[in-house]
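Engineer: Fold the following.
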Amino acid sequence: MSKPKNALDRYFGYSERGSSIKTEVLAGLTTYIALAYILILNPLYLSDPYAVEGWIHADPILHDKIYNGVFIGTCLGAFIGTGLCAVYAKVPYAQAPGMGLNAFFAYTVCLSMGYTYWQALVVVFISGCLFILISAVGIREAIVKSIPDSIKTAITPGIGLFITILGLKSGGVVVGNSATLVALVDFAAWKNGDVAAVMPGIMNGLLCVIGLAIIGFLVAKNINGAVVIGIILTTIIGIPMGVTQIGNLNFNVVQPVKDFFEVSFLKLDFAGMFAVKDGGTIGDTILTVVLLVISFSLVNMFDSIGTLLGAAKQAGMVDKDGNALRMKEALMADAISTAAGALVGTSTVTTTVESASGIAAGGRTGLTSAVTALLFLASIILAPIVAIIPAAATAPVLVYVGVLMLSNVKDVDFSDMTNAIPAFCTIVFMPFTYSIANGVAFGLITHCLLKALCGKFKEIKPLCLIVALMFLFRYAFMSM
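Structural biologist: All right, here's what the predicted structure looks like:
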């Protein structure tokens, strides 16, 4: 174990963790590149309802302003959350607006229920404040400790499969299919006649496979910075394939910043959110808000908890009981960033599964997060450059991380069915329902059910049972 060499090392302790400045910087860059897509997709999702003709609040001018405002808000929300992971929690995790929660925000709360962007931000803010409260008194940490060991050991391989399907889908290798739900991209589709229409999809999938082979080769040869080098090489190979697009770079940030202050920054509409709708009552309004807060909170909580436990184990940052080191600080960072994210105009900020890519690149301390946070802040100006990197070049990183995390399946106890089935549910529900929270939820539900049926009541922790019942309530009464 190396002794700290400078102030930076004394603060972050990368030598103690067997890392170095170079490794931490490359890891932070890797996490950022793997997560940069959120800078495009989050503004697209949150502004999309305003482009839907016939929606009560549809307005093309507002659509453009909200898109710009959310883009800046996404950069700032990710900077705040990831920065807190760096300087407060001192862990190598990244935080950013979560996919799935932003879709719920846009298409359920806004488009289906009729709330505006500013009213939906109120729900996110309240859930963040709730998180700050329960994190401060240790409830979230207690929930983590109540999770059975069989489920804790299953979370890491479950996330491995989840992040793999994310990568394969993002890279165009796996596509939607009405008959089988998912299918391999049709590499032979060029024979059907319309070559121009099918070649982009074929080339995306092919580049993703090439990228995975490159990263696998570089890692096998112990090349320093293998993941970043692999992304760069794959991006370059994508140029003649027509996947990497080098267009005109627009660095104009004046209008997005103006729109941010006009429509996103501190624009929460509390009065509108709690206004009584025609034919309703104040009780109906409050109940709706409470249900929305619970729905946002449960998904965010267990997405974050699952990611923290899975990534911590992969990084070797767990104690003898399998709990993540500095979990309380990481959860508080997550809570603060959720509330702060709402104030800057973005949907729920959560610990991201892409953090595992930086860990796979060797990131072990908050210095990794510091690099990622600064890159998110710089994205306000430099996003056009990052946008050049195609998804097919970053997707192989997720698949590679999936390989590493799935290897932890050997630690799962399959000898006792009351442990094996909950663990199995945890693992398979993550990729098959496209949600870390669903995987943990069904693991907890089946754990409580099987232990009770087998008369092993002492093995059911009270808090674990309460959480399982809350999830059952949510599945029964709240769509997501």
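
Engineer: Give me the contact list for stretch 233-248.
Structural biologist: Under the contact criterion CB atoms under 8 Å, 6 or more residues apart in numbering, stretch 233-248 has outside partners 199-200, 203-204, 206-207, 210-211, 214, 388-390, 392-393, 396. In this view, the C-beta of every residue, glycine as well, is placed from N, C-alpha and C.

Engineer: Flag every buried residue along it.
Structural biologist: Along stretch 233-248, the positions that meet the burial threshold by neighbour count (16 or more other CB atoms under 10 Å) are 233-235, 237-238, 241, 243-244.

Engineer: any idea how far residue 119 is from residue 464?
Structural biologist: If you measure residue 464 against residue 119 using CB to CB, to the nearest Å, the figure is 34 Å.

Engineer: quick one, longest helix in this structure?
Structural biologist: In the chain, ranked by residue count with DSSP state H as the criterion, the top helix is helix 282-315.

Engineer: returning to what we had before: which members of the contacts of stretch 233-248 are positioned in helices?
Structural biologist: Of the contacts of stretch 233-248, the ones assigned to helices by DSSP H are 199-200, 203-204, 206-207, 210-211, 214, 392-393, 396.

Engineer: okay, which residue is most central for the protein?
Structural biologist: For the chain, the residue sitting closest to the mean C-alpha position, by CA atoms, centre = their mean, is residue 352 at 3.2 Å.

Engineer: Does that residue touch residue 307 like I think?
Structural biologist: Yes - under the contact definition of CB atoms under 8 Å, residue 352 touches residue 307, with a separation of 6.8 Å.

Engineer: Are there residues contacting both of the two? Which ones?
Structural biologist: Residues touching both residue 352 and residue 307 (CB under 8 Å, 6+ apart): residue 93.

Engineer: Just give the number of residues close to residue 205.
Structural biologist: Number of residues near residue 205 (other CB atoms under 10 Å) recorded here: 23.

Engineer: And it, how close does it get to residue 184?
Structural biologist: Separation of residue 205 from residue 184 (CB to CB): 8 Å.

Engineer: which residues do those two both contact?
Structural biologist: When contacts are counted by CB under 8 Å, 6+ apart, the set common to residue 205 and residue 184 consists of residue 173.

Engineer: need the helices for the stretch 51-200 of the chain, in chain order.
Structural biologist: Taking DSSP state H, counting those that start in this stretch as the test, the helices found in the stretch 51-200 of the chain are 60-84, 101-103, 117-136, 139-146, 149-170, 195-220.

Engineer: which other helices and strands contact the fourth one?
Structural biologist: The reference is to helix 139-146. Judged by 3 or more CB pairs under 8 Å, 6 or more residues apart in numbering; DSSP states H and E, the packing partners of helix 139-146 are helix 117-136, helix 282-315, helix 327-343, helix 462-477.

Engineer: what do you get for the first one?
Structural biologist: Counting by 3+ CB pairs under 8 Å, 6+ apart, the packing neighbours recorded for helix 60-84 are helix 38-47, strand 95-97, helix 254-259, helix 327-343, strand 349-351, helix 366-386.

Engineer: Put together CSV for the ones you listed, with mean pLDDT on each row.
Structural biologist: Rendered in CSV, the data for those read as follows (pLDDT from 0 to 100):
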stretch, mean pLDDT
helix 38-47, 90
strand 95-97, 94
helix 254-259, 92
helix 327-343, 93
strand 349-351, 92
helix 366-386, 92
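
Engineer: Redo those as a markdown table? Include mean neighbour count.
Structural biologist: Listed next are the helices and strands packed on helix 60-84 as a markdown table, based on neighbours: other CB atoms under 10 Å:
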| stretch | mean neighbour count |
| --- | --- |
| helix 38-47 | 22 |
| strand 95-97 | 32 |
| helix 254-259 | 15 |
| helix 327-343 | 25 |
| strand 349-351 | 30 |
| helix 366-386 | 22 |
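
Engineer: CSV for the ones you listed, including distance to residue 134?
Structural biologist: Written out in CSV, the entries for the helices and strands packed on helix 60-84 read as follows (distance: least, CB to CB, whole Å):
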stretch, distance to residue 134
helix 38-47, 26
strand 95-97, 18
helix 254-259, 34
helix 327-343, 8
strand 349-351, 15
helix 366-386, 23
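
Engineer: Could you say which one of the ones you listed comes nearest to residue 449?
Structural biologist: Evaluated with CB to CB, these place helix 327-343 nearest to residue 449, the distance being 26.9 Å.

Engineer: What is that closest one packed up against?
Structural biologist: If contacts are counted by 3+ CB pairs under 8 Å, 6+ apart, helix 327-343 sits against helix 60-84, strand 95-97, helix 117-136, helix 139-146, helix 282-315, strand 349-351.

Engineer: What are the buried residues along the third one?
Structural biologist: Judged by neighbour count (16+ other CB under 10 Å), helix 117-136 contains these buried residues: 117-128, 130-132, 134-135.

Engineer: Show me which of the ones in helices among the contacts of stretch 233-248 is closest to residue 379.
Structural biologist: Using CB to CB as the measure, the one of these that approaches residue 379 most closely is residue 393, at 17.5 Å.

Engineer: pLDDT score assigned to that closest one?
Structural biologist: Per-residue confidence (pLDDT) for residue 393: 90.

Engineer: ok, now how distant is it from residue 209?
Structural biologist: Counting by CB to CB, the gap from residue 393 to residue 209 is 12 Å.

Engineer: Among those two, which residue is more densely surrounded?
Structural biologist: Using other CB under 10 Å as the criterion, residue 393 and residue 209 rank with residue 393 on top: 27 against 19.

Engineer: isn't the more buried one right up against residue 228?
Structural biologist: No - proximity of residue 393 to residue 228 does not meet the contact threshold set by CB under 8 Å, at 11.0 Å.

Engineer: what do these two both touch?
Structural biologist: With CB under 8 Å, 6+ apart, residue 393 and residue 228 have no common neighbours.

Engineer: possible to save the helices and strands packed on helix 327-343 as a markdown table with distance to residue 177?
Structural biologist: Rendered in a markdown table, the data for these read as follows (distance: least, CB to CB, whole Å):
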| stretch | distance to residue 177 |
| --- | --- |
| helix 60-84 | 31 |
| strand 95-97 | 29 |
| helix 117-136 | 32 |
| helix 139-146 | 37 |
| helix 282-315 | 26 |
| strand 349-351 | 29 |
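
Engineer: Select, out of the ones you listed, the one closest to residue 24.
Structural biologist: The stretch from those with the least distance to residue 24 (CB to CB) is helix 282-315; that distance is 12.2 Å.

Engineer: Buried residues of the closest one, list them for me.
Structural biologist: Along helix 282-315, these residues count as buried under the neighbour rule (16+ other CB under 10 Å): 288-289, 292-315.

Engineer: what do you get for stretch 202-216?
Structural biologist: 202-212, 214-216.

Engineer: re earlier: what about the buried residues of stretch 233-248, which are in strands?
Structural biologist: By the criterion of DSSP state E, membership of the buried residues of stretch 233-248 in strands covers no residue at all.
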